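Undergrad: Got a sequence here, can you model it:
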Amino acid sequence: MTSTDRAFTIDTPALEDVPALARLHVRGWEVAYGHLLEGDEWFGEQAIARRIRHWTLWLTPGNPASDGGTFRIGRDGTGRPIGLAASWAPRDPQPVRPRELSVLYLDPDWFGSGLARALAEEILQGEGASVWVAEDNPRARRFYEKLGFVADGATHVEEQLGGLRDLRMVR
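TA: Have a look, this model is predicted:
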């Protein structure tokens, strides 16, 4: 049970979850970056198809794209996917933590339910980690601060995302 008395479970996603994961991932991007990005490339069927390819690679056993990755899915009481999280080794040339919380998105109906915190903690297992977050995403920054992350001053610009500026947070 969560703080709002809505039941959810967390487990490891399987290949049959890929279409739902792709939709959740794209919806998560729409909520997080919709004010910064626009177009079908990011939020339409093209984006869902791209995420289906990504999640298929990530969840296929023995595929190099999944090596070292940790993946979790949140499900509601009926088993419907409502959240996702993923972690890999940091992409930074000089990592400051051994893991990176790389992906964390929820169905917006589950914001405030405790699911995002539960997914993040399940992925990180209490360990230190880094996370890159859009500088112009105050909601996400506040969420990560509640998990003990603080901005460490590192930034980079995502040129392929129209110059989106990210900052690194660590705990």
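
Undergrad: After the helix-or-strand element of the chain with minimal mean pLDDT, which helix or strand is next?
TA: Across the helices and strands of the chain, mean pLDDT, DSSP states H and E gives its lowest value to helix 40-43, namely a mean of 66. Next helix or strand after helix 40-43 toward the C-terminus (DSSP states H and E): helix 45-59.

Undergrad: State the mean pLDDT of that following helix.
TA: Helix 45-59 shows a mean pLDDT of 90.

Undergrad: Strands of this structure, start to end?
TA: Ranges of strands in the chain, per DSSP state E, are 8-11, 70-76, 81-88, 100-106, 130-134, 150-158, 164-170.

Undergrad: would you turn those strands into JSON lines with mean pLDDT, mean neighbour count and distance to residue 124?
TA: C-beta here means a position set from N, CA and C on the backbone, and glycine is covered the same way. Listed next are those as JSON lines, based on pLDDT from 0 to 100; neighbours: other Cβ atoms under 10 Å; distance: least, Cβ to Cβ, whole Å:
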{"stretch": "strand 8-11", "mean pLDDT": "96", "mean neighbour count": "16", "distance to residue 124": "13"}
{"stretch": "strand 70-76", "mean pLDDT": "95", "mean neighbour count": "21", "distance to residue 124": "9"}
{"stretch": "strand 81-88", "mean pLDDT": "94", "mean neighbour count": "23", "distance to residue 124": "7"}
{"stretch": "strand 100-106", "mean pLDDT": "93", "mean neighbour count": "23", "distance to residue 124": "6"}
{"stretch": "strand 130-134", "mean pLDDT": "92", "mean neighbour count": "22", "distance to residue 124": "10"}
{"stretch": "strand 150-158", "mean pLDDT": "88", "mean neighbour count": "13", "distance to residue 124": "15"}
{"stretch": "strand 164-170", "mean pLDDT": "89", "mean neighbour count": "18", "distance to residue 124": "12"}
